[in-house]
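> what's the 3D shape of this:
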Amino acid sequence: MLRQLRQVEKHDTPARLEYYGHPKEIARVIVKLIEQGKLRYNGVENYTQIIHSLASVIDVVNVKTGKIVSRETLLSYAKWIRTGELPEDE
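This is a model prediction of the structure:
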């Protein structure tokens, strides 16, 4: 029975991960990794596709509100970071 439980544990991974933090910070990390060439989608720096793919497996939970941040919000933050127009935290 113990052997069966261990087998189930190995294959019982969560379908989604959760990141609790500040969404602007995770957007900064993603942009930085893409700019450094460490994060690609099919070998290309496709910011939209990379963020959509990451958001399909990782829920970014805003620590201030406790709500999951949408893909569109993460994309907006990434755009603002790339243009240097990221608004400060309220």
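> for the rest of this, base every contact and every neighbour count on C-alpha atoms.
OK.
> tell me which helix or strand comes right after the helix or strand encompassing residue 34.
With elements delineated by DSSP states H and E, residue 34 resides in helix 23-35, which encompasses its position. As assigned by DSSP H and E, the chain's next helix or strand after helix 23-35 is helix 47-55.
> next, the angle from that following helix to helix 23-35.
Orientation note: helix 47-55 sits at an angle of 120 degrees relative to helix 23-35 (axes from the mean of the first three to the mean of the last three C-alpha atoms, to 10 degrees).
> which elements pack onto helix 47-55?
Contact analysis of helix 47-55 by 3 or more C-alpha pairs under 8 Å, 6 or more residues apart in numbering; DSSP states H and E lists helix 23-35, helix 71-83 as its packing neighbours.
> for the ones you listed, which one sits closest to residue 49?
helix 71-83 (9.7 Å; C-alpha to C-alpha).
> in CSV: the helices and strands packed on helix 47-55, plus distance to residue 42 and mean neighbour count.
Shown next, in CSV, are those (distance: least, C-alpha to C-alpha, whole Å; neighbours: other C-alpha atoms under 10 Å):
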stretch, distance to residue 42, mean neighbour count
helix 23-35, 12, 17
helix 71-83, 19, 17
